[in-house]
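Colleague: Next input, structure requested:
(one chain, ligands or ions: 1)
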Amino acid sequence: ITPKSAYRRILLKLSGEALMGEEGFGIDPKVLDRMAQEIKELVELGVQVGVVIGGGNLFRGEGLAQAGMNRVVGDHMGMLATVMNGLAMRDALHRVFVNARLMSAIPLNGVCDDYNWAEAISLLKSGRVVIFAAGTGNPFFTTDSAACLRGIEIEADAVLKGTKVDGVYSDDPVKNPDAKLMTSLSYQEVLEKELKVMDLAAFTLARDHSLPIRVFNMNKPGALKRVVMGEQEGTLIDH
Ligand code: UDP
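Modeller: Reported below is the predicted structural model:
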């Protein structure tokens, strides 16, 4: 008997920084390939996988605005950066024989598909990985908001947020050596204690639609699979 996964359909959020590896900018091909391999393992378990990919390894609108650029234009660049990461991820998945589609919230004729809700659901049902790029398609939002939005739209069982740290801590672990890794939290606790999970717009969207969020370390090999198998890994926010 093959062990059963805890989830039927997930929305995996990968930050741009997670793709960067040890480099300060861009995409580390080794990291990209490892992530593609980890996604492949989920597909082989029969889990339906939607992916929202960030762009912080290339451009962030906020940073560009601080350097003097118009914020809206900066956010356009940030969203296009997520498309570049999406193209790299789709390519990496194809190279390990995983059927994947890339849908962008900003139409890019000839480069990738346009975001289409009904088509995304039907692709997921047929075992295709669907990568959602260009965030929400609007400036002043983040890809965490896009992850919660798409997660709710596709009726994912959870948003799995892959980060560089093991999960949500009771305090900043860099400043406070006594900071503890929290295994489970309520939406309310996160808000009351002002714990850093994701930006408020994204977080309240998840809370209002009872979409569970799992924060885990994407740099830890095997952690994603452990999460999907329902093993203790990272932090779960869900009630
Ligand atoms: N962005 C945006 N609207 C969205 C999602 C993203 O304008 O709906 C822009 C924004 O400038 C953001 C950048 O794209 O800084 C990259 O996304 P994000 O910072 O969320 O990437 P991550 O931190 O996950 O790598």
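Colleague: Can you name the residues that contact Ala201?
Modeller: 141-142, 145 (CB atoms under 8 Å, 6 or more residues apart in numbering). C-betas here are computed from N, CA, C, even on glycine.
Colleague: Pick out whichever of those sits closest to Ser15.
Modeller: Proximity to Ser15 was ranked across those by CB to CB; first place goes to Thr142, at 9.9 Å.
Colleague: Local confidence estimate at the residue lying closest to Leu149 once chain neighbours are set aside?
Modeller: Take Leu149 and drop its neighbours on the chain: the residue closest to it by CB to CB, 6 or more residues apart in numbering is Thr136, 5.9 Å away. At Thr136, the model reports a pLDDT of 98.
Colleague: From what I see, Thr136 and Asp144 are in contact.
Modeller: No. With contacts counted by CB atoms under 8 Å, Thr136 stays clear of Asp144, the gap being 10.2 Å.
Colleague: host element of Ser50?
Modeller: Ser isn't right for residue 50; it's Gly. Gly50 belongs to strand 48-53 when elements are defined using DSSP states H and E.
Colleague: Parallel or antiparallel, list what pairs with that strand.
Modeller: Using DSSP bridges, the strands paired with strand 48-53 are strand 9-14 (parallel), strand 129-133 (parallel).
Colleague: Quickly check: it near the ligand or not.
Modeller: No. In this structure, strand 48-53 remains apart from the ligand according to CB under 6 Å from any ligand atom; the gap is never smaller than 7.6 Å.
Colleague: Which residues does that strand contact?
Modeller: 8-14, 16, 19, 39, 42-43, 82, 85-86, 89, 120, 124-125, 127, 129-133, 135, 143, 146-147, 150-151, 154, 156.
Colleague: ok, the residue nearest to Leu149 to the ligand distance?
Modeller: 3 Å (CB to the nearest ligand atom, to the nearest Å).
Colleague: One more: Ala202?
Modeller: From Ala202 to the ligand the distance is 9 Å (CB to the nearest ligand atom).
Colleague: Give me the distance between that residue and Ala88.
Modeller: Computed with CB to CB, to the nearest Å, the distance linking Ala202 and Ala88 is 23 Å.
Colleague: Quick one: residues contacting Ser5.
Modeller: Contacts of Ser5 were listed using CB under 8 Å, 6+ apart, and they are 42, 45-47, 228-230.
Colleague: before we move on, back to that, what's the burial count for the residue nearest to Leu149?
Modeller: Each residue near Thr136 was counted by other CB atoms under 10 Å, and the total is 22.
Colleague: circling back to that earlier point, show only the entries of the contacts of Ser5 found in helices.
Modeller: Taking DSSP state H, the ones among these that sit in helices are 42, 228.
Colleague: Among the contacts of Ser5, the buried ones, what's the ChimeraX command?
Modeller: Those of these that meet the burial criterion (16 or more other CB atoms under 10 Å) are gathered into one ChimeraX selection, given here:
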select :42,45,47,228,229
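Colleague: among the contacts of Ser5, which two are most distant?
Modeller: Pairwise distances across the contacts of Ser5 (CB to CB) peak at 14.2 Å, for the pair Gly46 and Gly230.
Colleague: so is the residue nearest to Leu149 in a helix, a strand, or just coil?
Modeller: The three-state label for Thr136, taken from DSSP: H, G, I helix; E, B strand; the rest coil, comes out as coil.
Colleague: All further residue positions should be reported with the first residue as 38.
Modeller: Got it, the first residue is 38 from now on, which makes the last one we talked about Thr173.
Colleague: Now do the same contact list for it.
Modeller: For Thr173, the contact set (CB under 8 Å, 6+ apart) comprises 142, 182-183, 186.
Colleague: Which element, helix or strand, includes the nearest residue in space to Asp209 that is not next to it in sequence?
Modeller: Nearest-residue entry for Asp209: Ala216, 6.4 Å, with adjacent residues in sequence omitted and distances by CB to CB, 6+ apart. Assigned by DSSP H and E, Ala216 falls within no helix or strand.
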